[in-house]
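**Student:** Using only what follows, build the 3D model:
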Amino acid sequence: MSVSLIVTTSIDRNYNETGESISDADWMAFVDSDSELASRTEPFEATAPDGSVIRMSAPPGQSELIPDHGARIPFLVLSHGELSMRYHPDMEDASNPVRQKVVQIARHFNALITTDAGDDFLEW
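**Tutor:** Below you'll find the predicted structure:
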């Protein structure tokens with residue numbers, strides 16, 4: 001089972017609903033303005049056990065991180081006013097570039113970082 005990292009403005013530190021959300025327009029404007037991010041337009045691909053290739057279109061709001069302008073890494077996706085992505089244990093390291101970018105984005109949107117595992121807020 002995987003854990004999702006969530007960047008949200010929909011709740012406050014007391015877990016009260018705020019009625020706030022990250023809009024599609026604000027997220028896409030942020031992605032477009034950041035040289036380390038790009039909108040994902042190419043479909044995701046996987047190879048089935050029989051060797052056939054399965055293609056799934058990228059959802060609207062799907063971004064990619066381009067660290068040091070190298071390979072593109074699937075990154076945050078906006079859905080229902082929240083940003084989310086799969087949580088990786090290497091994000092525990094404060095020098096991890098993915099974690100650093102998540103922190104930058106959370107600060108930009110004045111958002112909290114949490115997971116779908118019922119954890120406390122991540123104080124990154």
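**Student:** so how far is Glu42 from Met56?
**Tutor:** Look at Met56 and Glu42: by CB to CB, to the nearest Å, they are 11 Å apart. In short, each C-beta sits where N, CA and C put it, glycine included.
**Student:** other SSEs contacting the helix or strand bottoming out on mean pLDDT in the chain?
**Tutor:** Using mean pLDDT, DSSP states H and E, strand 44-47 stands out as the lowest-scoring helix or strand of the chain, at a mean of 87. Where contact means 3 or more CB pairs under 8 Å, 6 or more residues apart in numbering; DSSP states H and E, strand 44-47 is packed against strand 53-56.
**Student:** Which positions in whichever helix or strand comes after the strand it packs on come out as buried?
**Tutor:** Sequence-wise, the next helix or strand downstream of strand 53-56 (DSSP states H and E) is strand 62-65. Neighbour-count burial for strand 62-65, counted by 16 or more other CB atoms under 10 Å, picks out 62-65.
**Student:** residues of the next helix-or-strand element following strand 62-65 that come out buried?
**Tutor:** Moving toward the C-terminus from strand 62-65, the next helix or strand (DSSP H and E) is strand 73-79. Within strand 73-79, the residues scored as buried using 16+ other CB under 10 Å are 75-78.
**Student:** Okay, now the unreliable bits of this structure?
**Tutor:** Along the chain, segments meeting pLDDT under 70 span 1, 69.
**Student:** in it, which spans are strands?
**Tutor:** Remark: strands assigned in the chain by DSSP state E are 4-8, 37-39, 44-47, 53-56, 62-65, 73-79, 82-86, 112-115.
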